[in-house]
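# give me a model of this one.
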Amino acid sequence: MMNWLEKLRDEAQRPPAQPRMLLLWSGQVIGTVAPGFLESVDVDFLRGQRITFTHKKTPGLGETWSFTAPDASFGLNALAQLMREKGRSGPWRNEQIAVCTPQGQRVATVERGAVRLLGVNTHAVHLIGLTPDGRMWVQQRSKKKPNHPNKWDTLMGGMLSAADTLEQALARETQEEAGLDLTQLLQLQHGGQVTFACPSDEVSGGVAYMRERIDWFTATVPQGMEPKNQDGEVQQFQCIDQATLMEWLVQGKFTPEASLVLADYLKL
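The predicted model follows:
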């Protein structure tokens, strides 16, 4: 029965489909790009905005791309817009995501639709919603979602925007996806973290890569309170017992992210 989980964990920690080159800003690593990707979107076009991308060998780092611009966020968002115009961005959200060094220093923000192509580390949050009798609220994602449509998910799951703290994202996404006021939930607590480092299918051709940390929380939804979607991204909510939860996990009905979060919660 546990083969599904071993496979899932293996798939969540996979190298890129092809070797990637580090993307540098002021000598600091902020992401990675697939060979040939920046050439394919004609980054030289950005020189008119005083943005230059240079492909070179950097001592100790191998082949890299580094860029200069009046401001890191300005340069990255101009690149993201160019990617969009060339049909080479991920789903466009008009949402800024923080761009940090491996040490966690924030140096810029960039449109969410570019983060997987640029190998930017992202941060997400999930909420496991329990009932007083121990069952679990789960949501079925909209069939219009760009990633994992129709799959089942935790009560709430979402990426942190550049404007969010972890706590703000938890409260906002819980309200938007489930229509629940976080302050009215009971026994809210941080449960743990899961990580992903694997190829992404946001754009075809093996040029996108996902690096994400997910912090997950648990809370009890009080008796008489039910989730109601507010943002159109959820088809339905269901309240299921643990036997059904395990059955759905084994059958692959949940998203990979929710599956790993739930496996962590169940201590599998």
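# contact partners for residue 166?
123, 125, 160, 215 (C-beta atoms under 8 Å, 6 or more residues apart in numbering). In this view, the C-beta of every residue, glycine as well, is placed from N, C-alpha and C.
# what score does it have for pLDDT?
Residue 166 carries a pLDDT value of 96.
# distance of it from residue 14?
The spacing between residue 166 and residue 14, counted by C-beta to C-beta, to the nearest Å, is 26 Å.
# likewise residue 239?
Taken as C-beta to C-beta, the span from residue 239 to residue 14 is 34 Å.
# try residue 245
Per C-beta to C-beta, residue 245 is found 26 Å from residue 14.
# mind checking which of these two has more residues around it?
residue 245 (19 against 13; other C-beta atoms under 10 Å).
# for that one, grab phi and psi.
Here is the backbone geometry of residue 245 (degrees, to the nearest 10): phi -60, psi -50.
# quick one: contacts for it?
Counted by C-beta under 8 Å, 6+ apart, residue 245 has contacts 136, 138, 262, 266.
# between these, which is nearest residue 41?
residue 262 (37.6 Å; C-beta to C-beta).
# which one among the contacts of residue 245 gets closest to residue 33?
residue 262 (32.8 Å).
# surely the closest one is within a strand?
No - Residue 262: not assigned to a strand; according to DSSP: H, G, I helix; E, B strand; the rest coil it is helix.
# so what's it up against?
128, 154, 245, 249, 254 are the contacts of residue 262 under C-beta under 8 Å, 6+ apart.
# at 10 Å what do you get?
Shown in contact with residue 262 (C-beta atoms under 10 Å, 6 or more residues apart in numbering): 126, 128, 136, 138, 152-154, 194, 216, 245-246, 248-249, 254, 268.
# please, a PyMOL command that selects the buried ones among those?
Only the buried entries of the contacts of residue 262 go into this PyMOL selection, using 16 or more other C-beta atoms under 10 Å:
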select buried, resi 126+128+136+138+152+153+154+194+216+245+248+249+254
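# min pLDDT across the contacts of residue 262, which one?
Within the contacts of residue 262, pLDDT is lowest for residue 268, at 93.
# that residue and residue 261 touch, don't they?
No - applying C-beta atoms under 10 Å as the test, residue 268 and residue 261 come out as separate, 11.3 Å apart.
# tell me where this structure has helices.
Listed in chain order, the helices of the chain (DSSP state H) span 3-12, 37-40, 72-85, 166-178, 242-251, 256-265.
# run through the neighbouring helices and strands of the first one.
Packing contacts for helix 3-12, counted by 3 or more C-beta pairs under 10 Å, 6 or more residues apart in numbering; DSSP states H and E, involve strand 186-200, helix 242-251, helix 256-265.
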